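Engineer: Here is a sequence with its predicted model. Questions after.
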Amino acid sequence: MPHSMRLTHVAELIRKREISPVDAVDACLAQIEKVNPRLNAFVTIYAERARARARELETGALKGLLHGVPVTVKDSFDMEGCVTACGSRLRPPDTAKRDAAAVARLRQAGAIVLGRTNTPEFLAAYETDNLITGRTNNPWNVDRTSGGSSGGEAAAIASLCSYGGIGSDGGGSIREPAHFCGIAGLKPTPGRVSTAGHWPEICHPGGFMGVAGPMARTAADVRALFGVLAGHDPRDPFSVPIPLREPRRDGLRVEVMEQFNQVPVQPALRDAVRRCAGLFSDLKAPVDAFDSSVLSRAPNLWLFLFGELTASLMRPVLEGRADQCHWTGLELFSKYEGQPAPTAAKIAEVFQERDHLRAGLLARMGDHTVILAPACGVTAFPHRARRYQTGGKEIGLFEAVMPLVPWNLLGMPSVTIPMSFDAEGMPAGVQLIGAPYSDELLLDLAADLEALRGPIPQPPLAVE
């Protein structure tokens, strides 16, 4: 069936006129109708609009690499004429006057937007639930979370409803859901993919940590989407005029981080990292250990910027209206209730420490070191669970995401791919992290590692 194909494969068949855009759209819409009642990944489905666009693209010249390919968009990116809700009743019901830059680039390349996918309220949680759309489930086990905040996007792609799409990541929000749902996702270097038209607005003071990025079933598909999405945009304050580049592997070396400092991960994550490290021998890359103690302060610095500072900025929004919020919108910010807003001196101190930490790490890594790490400390957890067994020690949610958040703090690209499964059949993924602007190298390596790993099964919900 067309909906089970890889993005790059269906794109090629459409270009060759062996499959029509209408066939691809109808196949995806049929899959959505079949699985979404149990999945609940979609905020809005544009069935008739997508079919009409598919009919337009059946004839005439090819528009671009994604001509006629159905995709999805996280409900934090503006789409002209639509409301960007981000899972919150507090968002104004105004319709967007233009597409977000990333949406516009997808359309310019010929992609057809099937629908918008679910998020936690304000994108502020590691699982996807809200008072508007409700909870999104994991296609591998509906009793588990799909992750957050791009949980609807990951679930839609993994369950064969969409070939790929766009998410955003300020603390693992592309990579954690991709890992939980068994797909690939890229947190690009800040400035490579425009975030113009995303809400919350990605700008100073903490905006360097947040990015827009592609998600798809394989790293090769993510690489194709990145080629469409990447590019300079003066509306994005972090955007950089760096063209796509051919990746170079000369001098490549890999440093392995099995866990963050003394915080254990579940055995399946450790095994996934070790398996991936073994595959690097086929790529003839020397492998060594990464000393994560040099980043010991990184999670707390990230939490200050993403949590404490953001909570102080959100107080005017929430004042007198917290009873209209879902718990996912309050879980993080409520930790700082009653605390005074951070001082300018404290904010400057954190930024200075961050910059020194980043400079020291990048000087040690150079341009040719790739860090291999677990995609998270745990596999997809039961809905609302906040304590997790690792085999040796129980850890909490903040400890579980410690392998993710340093790369947001430091502005380093990271790609996540599935590598294996835990004893209960849930995907276990790994991350490849590189120096800024090494996105192409990471995607190239990830695609090679997936080929060496071999195919993985599709989620039960997608094929039952």
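Structural biologist: Looks like it came in fine.

Engineer: what about the nearest residue to L131 once chain neighbours are set aside, distance to R135?
Structural biologist: If the residues on either side of it in the chain are set aside, L131 comes closest to H326, at 4.6 Å by C-beta to C-beta, 6 or more residues apart in numbering. Heads up, the C-betas are built off the backbone N, CA and C, glycines and all. H326 is 10 Å from R135, where distance means C-beta to C-beta, to the nearest Å.

Engineer: between the two, what contacts are shared?
Structural biologist: Any residue near both H326 and R135 by C-beta atoms under 8 Å, 6 or more residues apart in numbering counts here, and that gives D129.

Engineer: Do you know the pLDDT at M1?
Structural biologist: Predicted confidence (pLDDT) at M1: the value is 69.

Engineer: for R38, what are its contacts?
Structural biologist: By C-beta under 8 Å, 6+ apart, the contact list for R38 reads 137, 142, 461.

Engineer: Checking my notes, it in a helix, right?
Structural biologist: Yes - R38: assigned to a helix according to DSSP: H, G, I helix; E, B strand; the rest coil.

Engineer: Report pLDDT for it.
Structural biologist: We have a pLDDT of 98 for R38.

Engineer: please renumber so the chain begins at 369
Structural biologist: New numbering, starting at 369: the last item is R406.

Engineer: still on that earlier bit, from the contacts of R406, which is closest to A418?
Structural biologist: The closest of the contacts of R406 to A418 turns out to be L829 (C-beta to C-beta; 21.9 Å).

Engineer: Correct me if wrong, but the closest one is in a helix.
Structural biologist: Yes - remark: L829 belongs to a helix, assigned using three-state DSSP.

Engineer: Which pLDDT value goes with the residue nearest to L499?
Structural biologist: 98.

Engineer: and it, how many neighbours?
Structural biologist: 21 (other C-beta atoms under 10 Å).

Engineer: Thought Q634 was touching Q627, still the case?
Structural biologist: No - using C-beta atoms under 8 Å, Q627 makes no contact with Q634, being 9.9 Å away.

Engineer: list the residues that contact both of the two?
Structural biologist: What both Q627 and Q634 touch, as defined by C-beta under 8 Å, 6+ apart, is the set G745.

Engineer: More neighbours: those two, which one.
Structural biologist: Remark: of Q627 and Q634, Q634 carries more neighbours, 26 against 20, as counted by other C-beta under 10 Å.

Engineer: Against A791, how distant is that one?
Structural biologist: Q634 is 10 Å from A791, by C-beta to C-beta.

Engineer: so the residue nearest to L499 makes contact with E489?
Structural biologist: Yes - assessed by C-beta under 8 Å, H694 is found in contact with E489 at 4.5 Å.

Engineer: Common neighbours of the two, please.
Structural biologist: With C-beta under 8 Å, 6+ apart as the test, H694 and E489 both reach 455-456, 498-499.

Engineer: how would you label V798: helix, strand or coil?
Structural biologist: Relying on three-state DSSP, one would call V798 strand.

Engineer: buried stuff in stretch 435-451?
Structural biologist: Going by neighbour count (16 or more other C-beta atoms under 10 Å), the buried part of stretch 435-451 is 435-447, 450-451.

Engineer: Sitting in strands, which of these do you find?
Structural biologist: Among the buried residues of stretch 435-451, the ones falling in strands (DSSP state E) are 438-442.

Engineer: Please report how far V390 lies from E401.
Structural biologist: Applying C-beta to C-beta, one obtains 16 Å for the distance of V390 from E401.

Engineer: of those two, who's got more company?
Structural biologist: V390 (18 against 12).

Engineer: Next one: the more buried one, what pLDDT does it get?
Structural biologist: Predicted confidence (pLDDT) for V390: 97.

Engineer: Repeat that for A418.
Structural biologist: On pLDDT, A418 comes in at 98.

Engineer: Give the buried residues for whichever strand or helix holds it.
Structural biologist: Assigned by DSSP states H and E, A418 falls within helix 415-425. Residues 415, 418-419, 421-422, 425 are the ones in helix 415-425 that count as buried (16+ other C-beta under 10 Å).

Engineer: do stretch 698-706 as well
Structural biologist: 698-701, 704.

Engineer: which one of these is nearest M770?
Structural biologist: Comparing these against M770 with C-beta to C-beta places L700 closest, at 15.4 Å.

Engineer: now that closest one: how far from G619?
Structural biologist: Going from L700 to G619 by C-beta to C-beta gives 40 Å.

Engineer: Test my guess that V393 contacts R417.
Structural biologist: No - using C-beta under 8 Å, V393 makes no contact with R417, being 10.1 Å away.

Engineer: Which of the three states applies to V783?
Structural biologist: V783 ends up strand, using three-state DSSP.

Engineer: cool, the one 4 residues further on as well?
Structural biologist: Per three-state DSSP, the secondary structure class of M787 is strand.

Engineer: That one contacts R643, correct?
Structural biologist: Yes - with contacts counted by C-beta under 8 Å, M787 reaches R643, the gap being 5.8 Å.
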